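Trainee: I'll drop the sequence and a predicted model, then ask my questions.
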Amino acid sequence: MMKIVNTIDEVRRQVREWRKEGLTVGLVPTMGYLHEGHASLIDASHRDNDRTVVSDFVNPMQFGPSEDLESYPRDIEHDAALVEAHGGDLIFHPEPSEMYHDGFSSFVDMTVLTEELCGLSRPVHFRGVCTVVSKLFNIVQPDRAYFGKKDAQQLAVIRHMVDDLNINIQIIGCPIIREADGLAKSSRNTYLNSQERQAALVLSQSIFLGEDMVRKGETNCDAIISAMTAKIKSEALAEIDYVKIVDCKTMQQIKQLDRPALCAMAVYIGKTRLIDNFFTEDI
Ligand code: PAF
């Protein structure tokens with residue numbers, strides 16, 4: 001029977017019991033409002049581990065002052081049904097005060113990898129992600145943790161963090177899950193009205209165009225970025241934050257596809273900022 005708990009003590013107690021039985025534990029960190037993308041992470045954890053913990057916490061620390069913390073969608077009943085249907089065993093759903101007590105003043109910060117892509121337009125974001133994910137790792141102490149490739153920079157940052165800080169948890173990256181028409185699944189898709197929802201297709205269309213160029217042998221990053229940018233600009237409601245190709249480990253921009261790379265974009269559709277990407281190694 002799947003359980004929902006709100007406190008760190010309850011999570012620790014449950015995980016301790018599982019460990020006594022010799023069971024393995026997977027962690028799927030989420031901010032809730034779960035969709036098929038999250039479901040695929042829970043499926044992967046359920047496949048690889050005896051027990052799966054899903055954290056469901058809209059982490060205030062990773063939102064900038066003018067970002068969508070207040071309006072970020074929340075629906076714990078829906079989330080509970082989805083987690084249960086996909087074989088999750090425990091939802092950790094804390095209040096912000098449970099995660100950040102009065103006087104909280106320790107942070108996990110990272111240089112270099114966080115200075116490009118989303119880190120440029122969201123300066124406090126990765127400090128918030130690294131801090132909360134470190135806390136979740138310490139609370140649950142899982143064998144494996146699951147992250148979507150849609151947040152590609154986040155995945156690279158977490159991999160780098162566990163390496164830098166000798167955190168003994170295996171990080172598993174799972175493929176992007178798309179709607180039938182190509183739009184990458186995201187909790188923020190709910191912000192789009194019907195006209196914007198249609199316009200948002202330009203992200204995946206541009207991603208597929210870039211993938212196709214790479215598949216056909218194009219190695220010049222400027223050429224790929226120009227073609228993808230032109231495609232996005234053909235949509236009046238779209239405004240580009242960035243379209244970049246970076247080394248997939250260091251997140252630094254490259255000119256030639258002479259190593260495993262990540263092509264990533266952030267695009268505003270109206271007021272909603274959406275991201276999408278592809279890894280050259282997945283083509
Ligand atoms: O990807 C997310 O939903 C969040 O950034 C994460 C990893 C749950 C941390 O709050």
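Mentor: That came in fine, so what should we check first? Residues are numbered from 1 along each chain as shown.
Trainee: my guess is Tyr146 is in a strand, correct?
Mentor: Yes - assigned with DSSP: H, G, I helix; E, B strand; the rest coil, Tyr146 falls within a strand.
Trainee: could I get the CA-only coordinates of the strand or helix carrying Val243 as PDB?
Mentor: Following DSSP states H and E, the helix or strand that holds Val243 is strand 238-247. Extracted C-alpha coordinates of strand 238-247, given in PDB (Å, rounded to 0.1, in the frame of the first residue of the first chain):
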ATOM      1  CA  ALA A 238       7.800  32.400 -29.700                       C
ATOM      2  CA  GLU A 239      10.600  34.400 -28.200                       C
ATOM      3  CA  ILE A 240      14.000  32.700 -27.900                       C
ATOM      4  CA  ASP A 241      15.900  32.800 -24.600                       C
ATOM      5  CA  TYR A 242      18.700  30.600 -25.900                       C
ATOM      6  CA  VAL A 243      19.500  27.900 -28.500                       C
ATOM      7  CA  LYS A 244      22.900  26.500 -27.800                       C
ATOM      8  CA  ILE A 245      25.100  23.500 -28.300                       C
ATOM      9  CA  VAL A 246      27.400  22.600 -25.400                       C
ATOM     10  CA  ASP A 247      29.800  19.800 -24.400                       C
END
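Trainee: which residue is the nearest non-sequential neighbour of the residue in the stretch 51-200 of the chain positioned nearest to the ligand?
Mentor: Nearest residue of the stretch 51-200 of the chain to the ligand: Asn59, at 4.0 Å (C-beta to the nearest ligand atom). (Each C-beta comes from the backbone N, C-alpha and C, glycine too.) Nearest residue to Asn59 in three dimensions, chain neighbours excluded: Val132, at 4.4 Å (C-beta to C-beta, 6 or more residues apart in numbering).
Trainee: how about the contacts made by the one you found?
Mentor: By C-beta atoms under 8 Å, 6 or more residues apart in numbering, the contact set of Val132 is Pro29, Phe57, Asn59, Met61, Gln62, Met99.
Trainee: need the max-distance pair from the residues you listed.
Mentor: Pro29 and Met61 (13.4 Å; C-beta to C-beta).
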